[in-house]
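Q: Next come a sequence and a model predicted from it.
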Amino acid sequence: MNALSCLSVIGALAVLTPCMAGAAAGVSTNAPASPAPPLSPAILPGSGLAQHPFLFTGEWDTRRKDQIMSVVRGGKVVWSYSIPINDPDGTLEELGDATMLSNGNIAFCRKIGFSIITPDKKILWSIEAPKGTEMHSIQPIGADRVMVVQNGNPAKAMTINILTGKVEKEVILPTGKPDTAHMQFRRVRLTKAGTYLAGHLDMNKVSEYDADGKEIWSVKVNQPWSVVRLHNGNTLIGCSQAGVREVNPQGETVWDFTQKDFPDIKLFTIQEVSRLANGNTVICNWCPYVVKNSKDWPNTVQVLEVTPDKKVVWALRSWSGDADLGPASSIQLLDEPGVAENGDLQR
């Protein structure tokens, strides 16, 4: 068969799409193939990079040798920090969970470790993942401590004093696949009540554990990536391939956002989700797993902000020049009230 090019019009935009000239004997081959639907509209709601100041990270940007974490203010990238996509041994590094503290320091995971960096890019504290383990979840607890999760056999939630390096508390978290560290946890959060809220990717559920690691609550959820205990007592969950759910303490879904609610913007892998003080929900829409060709990534939306009545008021698509942010794994809006290290933010 010979590949031809046929002109296909999508709305007011003309694009070239491939169509096949050959077919089974006796069947006409003149009809063009149907064009693939667009991944996002040409004009997006909101003000792009100028909508909010924010800290942004993304994992698995295979277009680059370095993985980049960015701070955006006034519609421009004003600060960035990079790590190699592979460590010296060839192990893949990933920028995922990250939080800017009130003093400007940033705590972040690297998959193969955790670090805290100052605004002038000095590493204040860092630990490396033991062989066979991975590190994807870090939460500042006050100015001098972090709660981190080490995926592995066993998986552990640890509170570490970054000044002394001492592990002050350690809780074993159950896993569905103890020897498959990669798919155990992406987000675990220490709640203000002192409990651990964990999204079990390998058990398709969200569970809450008391200070001793005893399960006290759970809800069945398909591939929970991100979990947040909201101020109203409900739990906000990013469900990887299935959208966003808010469930009450009885496990009932009281709000959700899925592809059917906004079909014009294609949703891919939902990573971090957070709830703003105004009631809106911010969603990281990570595309590489679904959109295999990285040349198509610039057609995707990285971040959405959705109102309680499911109106999209901001959709971010920033893939060019100095503002090429890459795939979206984590975003912290820097205009939200509250102190991040005090657990005031719903993320």
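A: That came in fine, so what should we check first?
Q: What residues of stretch 155-162 count as buried?
A: The neighbour-count check on stretch 155-162 (16 or more other CB atoms under 10 Å) flags 155-157, 159-160, 162 as buried. Quick note: C-beta positions are derived from backbone N, CA and C, even for glycine.
Q: Need the residues that contact it.
A: Residues outside stretch 155-162 that contact it (CB atoms under 8 Å, 6 or more residues apart in numbering): 116, 124-125, 127, 141, 144-150, 166-175, 178, 181, 184-185, 188, 190, 196, 198.
Q: Show me just the buried residues among the residues you listed.
A: If we count by 16+ other CB under 10 Å, those have these buried: 116, 125, 127, 141, 145-150, 171, 173-175, 181, 184-185, 188, 190, 196, 198.
Q: State the mean pLDDT of stretch 146-158.
A: Across stretch 146-158, the average pLDDT comes to 98.
Q: Take stretch 159-173, keep the C-alpha atoms, and write them as CSV.
A: Only the C-alpha atoms of stretch 159-173 are listed here, as CSV (Å, rounded to 0.1, in the frame of the first residue of the first chain):
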residue,chain,number,x,y,z
THR,A,159,9.2,11.2,59.9
ILE,A,160,12.8,12.5,59.7
ASN,A,161,14.4,15.4,61.5
ILE,A,162,16.4,17.1,58.7
LEU,A,163,18.7,18.9,61.2
THR,A,164,19.9,15.7,62.9
GLY,A,165,19.1,13.2,60.2
LYS,A,166,17.3,11.1,62.8
VAL,A,167,14.3,9.0,61.9
GLU,A,168,11.9,10.0,64.7
LYS,A,169,9.0,7.8,63.7
GLU,A,170,8.6,4.8,61.3
VAL,A,171,5.3,3.1,60.3
ILE,A,172,5.1,0.1,58.1
LEU,A,173,2.5,0.4,55.3
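Q: Off-centre distance for it?
A: 25 Å (CA atoms, centre = their mean, to the nearest Å).
Q: Would you tell me what helix or strand the residue nearest to residue 190 when sequence neighbours are not counted is located in?
A: In space, and not counting its chain neighbours, residue 190 is closest to residue 147: 4.6 Å by CB to CB, 6 or more residues apart in numbering. Under the criterion of DSSP states H and E, residue 147 resides in strand 145-151.
Q: what do you get for residue 336?
A: Judged by DSSP H and E, residue 336 forms part of no helix or strand.
Q: Not counting sequence-adjacent ones, nearest residue to residue 246?
A: Counting by CB to CB, 6+ apart, the residue nearest residue 246 is residue 255, at 4.1 Å.
Q: for residue 226, same thing?
A: Per CB to CB, 6+ apart, closest to residue 226 is residue 238, 3.5 Å.
Q: Below-threshold pLDDT in the chain: ranges please.
A: The chain contains residues with pLDDT under 70 at 1-36.
Q: Would you map out the domains in it?
A: What the record gives for the chain is the domain set 1-35, 50-342, from automatic domain parsing.
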